[in-house]
Structure formats: C-alpha cells, structure tokens
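S.K.: return a 3D structure for these sequence lines:
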Amino acid sequence: MGNGPSRMKEAAAGHRQRVPLRDIGAWVTPWLVGVLLACATLLGFFTAADARGPDTYATGFFTAGLTLIALVWLVKRSCDRPTRGWLFDVRIERPESFLLLVVLLTVIGIGGLFLAADAHGAAESAGYALFVVCLLFIGWNLKHHYDQIDSH
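M.R.: Residues are numbered from 1 along each chain as shown. Presented below is the predicted three-dimensional model:
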C-alpha cells in the first residue's frame, strides 16, 4: 500500500514533463519540407503539362526534376542519420565557392524573372518564386560569409 501513492506521484510527475518546442520542430520540419518539395514537384509537372511554349515546358520539367532530386536527398539523409541543425545546410564555406554560388543563383534568379515576364498563370508564379528563393539563398550565404569573417 505504501508503494501505491508514491507510484501515482511518479506517474503524475512523468505526465507533467513537456516536450520542448525545439524537439517538436526537429520532428515536424523534415515532414513539412518533404510535403513542400512534393508539392513543388507536382507544380513543376503541372506547369510543364499546361505549357504553351517550349521555355515554360523546359522550366516545368527542370523545376520538377530539381525538387524531386531534393526530395530523394531529404529522404536519404533522414534515413542515414538523424537531422541536426539546418535541414538544408547549403551555406558555403570557401570564398571561391561562395562567389560561384552567388553568380549561379543570380543567373537562375534572372531566368526566373524572364520566365515570369513571358508566362501566365502557374509559370509566372513559379518564375517569381524562383527569383525570391534565389535572393533568399544569396542573402543567407552572404550573412554566413560575413559571420565567418567576423569570427576569425
């Protein structure tokens, strides 16, 4: 009988422990990114299927292929090891690689603007989204680059 109330207190104390928000985010984030990548892949295929011109068709398939590769990479990474830190850690460490990344993302972003100017509907939205994502990645890598310089 003496063990009954103490066990109930221990059980009640165990139920009061809460999971930190960071742990919930670490579990939900890969699933959320996977759903977003799957939606982007479908959007790319739908854009290619509804294309009126060869440039929109190519852009739709390019987007679908790129996001499908990213989705496979995400699944492989999740199976290989638990995720820690940034899910898509594409921050560049070397200055030469940083310069190349900025040039490539600038060209891809401008290509997205040309796509948005020439297309209508989903392809137009995809072009603007491509431009914004390129700007975000450039800004993220710029911040990381200057943070590295400041830390040295």
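
S.K.: poorly predicted segments of this structure, please.
M.R.: The model of the chain has pLDDT under 70 over residues 1-5, 8-16, 22, 25-26, 76-93, 122.

S.K.: so where do the helices sit in it?
M.R.: Taking DSSP state H, the helices of the chain run over residues 3-16, 21-49, 54-80, 95-118, 122-151.

S.K.: can you add mean neighbour count and give those helices back as JSON lines?
M.R.: Glycine gets a C-beta too; all of them are placed from N, C-alpha and C. Converted to JSON lines, the helices of the chain look like this (neighbours: other C-beta atoms under 10 Å):
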{"stretch": "helix 3-16", "mean neighbour count": "9"}
{"stretch": "helix 21-49", "mean neighbour count": "14"}
{"stretch": "helix 54-80", "mean neighbour count": "16"}
{"stretch": "helix 95-118", "mean neighbour count": "15"}
{"stretch": "helix 122-151", "mean neighbour count": "15"}
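
S.K.: so who does T67 touch?
M.R.: Contacts for T67 (C-beta atoms under 8 Å, 6 or more residues apart in numbering) come out as L37, A40, T41, G44.
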